[in-house]
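Engineer: Okay, sequence plus prediction incoming.
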Amino acid sequence: MKICLNTSSFPKYNGDYAGAFVLDLATELHKMGHDVWVLCPAVDSIKAEAEINGVHIIRYRYAFPAGYQLIGGNKPTVPMIKEKPLLLFFVPFYIISQFFTLINVIRRHKIEVVNSHWIVPQGLLSALICWIFRVKHVITMHSTDVYLAGKIPFGRTLCRMADKKAAAVFIVSEFVKQRYDAILGRTSAANVIPMGVNDEKFHPHGEVKRDYNKILFVGRLHKIKGIDNLIRAIAVISKEIPSVKLEIAGGGEEKESLEKLVDELALRENVSFAGMVPNNELVHHYNSARCVAVPSLHLPSGETEGMPVVIIESMACGIPVIASDVGGISDIVQDGYNGFLFRHGSPEEIAEAIKKIFDSDIDKISANAFETGARFHWEKVAHAYEKAMIG
């Protein structure tokens, strides 16, 4: 079968973190014997066509010179536009370029199925093109895209049209499905399946010494991640557990303010910043920690997390998770079994969760986390996609 994945986020190179789950899905489908293409925005001056893991990559240019391609690719689109509203100028060119490139890919390579990631704009655009060319369309929704779909003019009408024509819809969490159903005004037949985990990349690593005093955060340093509350929680718990450490792995617009907060709270002995960590090196960071913290927020605007991939990656390594009970997180994190949940936005409750993970039977809870992560290996998730594409 000839399959094209249409995405706004995709790794700049093999090992880059942005959109790595799209590459993993494409790679697994290729291993299953399918011819797979990925259509994504260009980044800098990278070649328009390349191959990674046997997957054909086609990057479309939407701005000139190359340095002006600042949305999509290996950058988070919505936060970039929020930070720099002038980037909205490029959106029409981004959409037009994607539209004509997808048509060319379908016709040139005789694509049989398009799997669009994020319903806005890829899903809506792909739905129209697939209808015109009578190509099967499978939609994957994550979180921010569904939130945006509920905000744009005629969002309900457009989503209903896309949903009606789709061969299948995949949504990463029950929370996001409920939000999508609310937009449609009815219960959809969408499949709730999180993005998978590459078990060849993320697994227990016996050669890495585990520091049972260390808590790890992995992700972009953005307001919705609630990292400032996690740092304040370390200030609270360090009075009771002076040896506690927090490692923050990631980069983003909040880094300077977070470093300033660490200094204000005199936590330089407890908190460190690892910077951006390549995707293929994250396994060492996961395996070195007692637990991973996901202190995500539910913003007043309604925006929140769908299902952070970091949760499944961590558990695949046998590392439990402490996390906010927002979005679809409680689909995976079971309080007291493979981690602990806390109310978002509360440093005191995060500190209490840290205390629980330090007081828990860490071997047992780690084993439970590993069992949970094993349910989402890409081989199993990709088979669900293949079934939907063939059926």
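Structural biologist: Received it, and whenever you're ready, just let me know what you need.

Engineer: what's the burial count for Ile231?
Structural biologist: Using other C-beta atoms under 10 Å, Ile231 has 24 other residues around it. All C-beta spots, glycine's among them, are computed from the backbone N, C-alpha and C.

Engineer: Would you check that it makes contact with Arg268?
Structural biologist: No: with contact defined as C-beta atoms under 8 Å, Ile231 does not reach Arg268; the gap is 11.4 Å.

Engineer: Need the overlap of contacts for those two.
Structural biologist: Residues touching both Ile231 and Arg268 (C-beta atoms under 8 Å, 6 or more residues apart in numbering): Val262.

Engineer: Could you identify the helix or strand that succeeds the helix of greatest length in the chain?
Structural biologist: Under DSSP state H, the helix in the chain containing the largest number of residues is helix 91-109. As assigned by DSSP states H and E, the chain's next helix or strand after helix 91-109 is strand 113-117.

Engineer: partners of that following strand, with directions?
Structural biologist: Sheet pairing for strand 113-117, assigned by DSSP bridges, gives strand 2-6 (parallel), strand 136-141 (parallel).

Engineer: Now that we have those strands, can you turn them into TSV and tack on mean neighbour count and distance to Ala374?
Structural biologist: As requested, the strands paired with strand 113-117 are exported to TSV (neighbours: other C-beta atoms under 10 Å; distance: least, C-beta to C-beta, whole Å):
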stretch	mean neighbour count	distance to Ala374
strand 2-6	24	25
strand 136-141	25	22
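
Engineer: now these as TSV including distance to Pro242 and mean pLDDT?
Structural biologist: Output for those, formatted as TSV (distance: least, C-beta to C-beta, whole Å; pLDDT from 0 to 100):
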stretch	distance to Pro242	mean pLDDT
strand 2-6	48	98
strand 136-141	44	98
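
Engineer: is it possible to export those strands to JSON lines including distance to Gly327?
Structural biologist: Output for those, formatted as JSON lines (distance: least, C-beta to C-beta, whole Å):
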{"stretch": "strand 2-6", "distance to Gly327": "23"}
{"stretch": "strand 136-141", "distance to Gly327": "13"}
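
Engineer: quick one, which of the ones you listed is nearest to Met276?
Structural biologist: Nearest to Met276 among those is strand 2-6 (24.1 Å), distances taken as C-beta to C-beta.

Engineer: Name the residues that touch that closest one?
Structural biologist: Outside strand 2-6, the residues touching it (C-beta under 8 Å, 6+ apart) are 22, 25-26, 29, 34-40, 98, 102, 105-106, 109-117, 122, 125-126, 389.

Engineer: so it versus helix 91-109, what angle?
Structural biologist: Using axes from the mean of the first three to the mean of the last three C-alpha atoms, to 10 degrees, the inter-axis angle of strand 2-6 relative to helix 91-109 is 170 degrees.

Engineer: where's the closest residue to Asp35 other than its chain neighbours relative to Ala168, distance?
Structural biologist: Leaving aside its chain neighbours, Asp35 sits nearest to Lys2 (4.8 Å; criterion: C-beta to C-beta, 6 or more residues apart in numbering). Here Lys2 is placed at a distance of 17 Å from Ala168 (C-beta to C-beta, to the nearest Å).

Engineer: before we move on, what about Ala127?
Structural biologist: The value you get for Ala127 to Ala168, if C-beta to C-beta is used, is 13 Å.

Engineer: ok, those two, which is more surrounded?
Structural biologist: Ala127 (23 against 20).

Engineer: Wait, that one touches Arg160, no?
Structural biologist: No: at 10.6 Å, Ala127 does not count as touching Arg160 under the criterion of C-beta under 8 Å.

Engineer: returning to what we had before: quickly list what's touching both of Ala127 and Ala168.
Structural biologist: Shared contacts of Ala127 and Ala168 (C-beta under 8 Å, 6+ apart): Ile139.

Engineer: Tell me how many other residues crowd Lys164.
Structural biologist: Count around Lys164 with other C-beta under 10 Å applied: 10.

Engineer: any idea how this protein splits into domains?
Structural biologist: For the chain, the structural domains run 2-196+377-390, 211-374, going by automatic domain parsing.

Engineer: Let me see the ranges of the helices in the stretch 51-200 of the chain.
Structural biologist: In the stretch 51-200 of the chain, the helices defined using DSSP state H, counting those that start in this stretch lie at 77-83, 91-109, 124-133, 144-149, 155-165, 174-184.

Engineer: which residues are contacting the fourth one?
Structural biologist: So the one you mean is helix 144-149. Against helix 144-149 from outside (C-beta under 8 Å, 6+ apart): 78, 118-120, 123, 155, 158-159, 171, 176, 179-180, 183, 302-304, 306.

Engineer: Indicate each strand paired with whatever helix or strand Leu246 lives in and its parallel or antiparallel sense.
Structural biologist: Counting by DSSP H and E, the element that carries Leu246 is strand 245-249. Strand 245-249 has the following strand partners under DSSP bridges: strand 211-218 (parallel), strand 271-275 (parallel).

Engineer: quick one: average pLDDT of stretch 217-234?
Structural biologist: Throughout stretch 217-234, pLDDT has a mean value of 96.

Engineer: Stretch 29-41 too?
Structural biologist: 97.

Engineer: which other residues reach it?
Structural biologist: Contact with stretch 29-41 is made by 1-10, 19, 22-23, 26-27, 53-60, 62, 69, 71-73, 94, 98, 101-102, 105, 109, 111, 382-383, 385-386, as judged by C-beta under 8 Å, 6+ apart.
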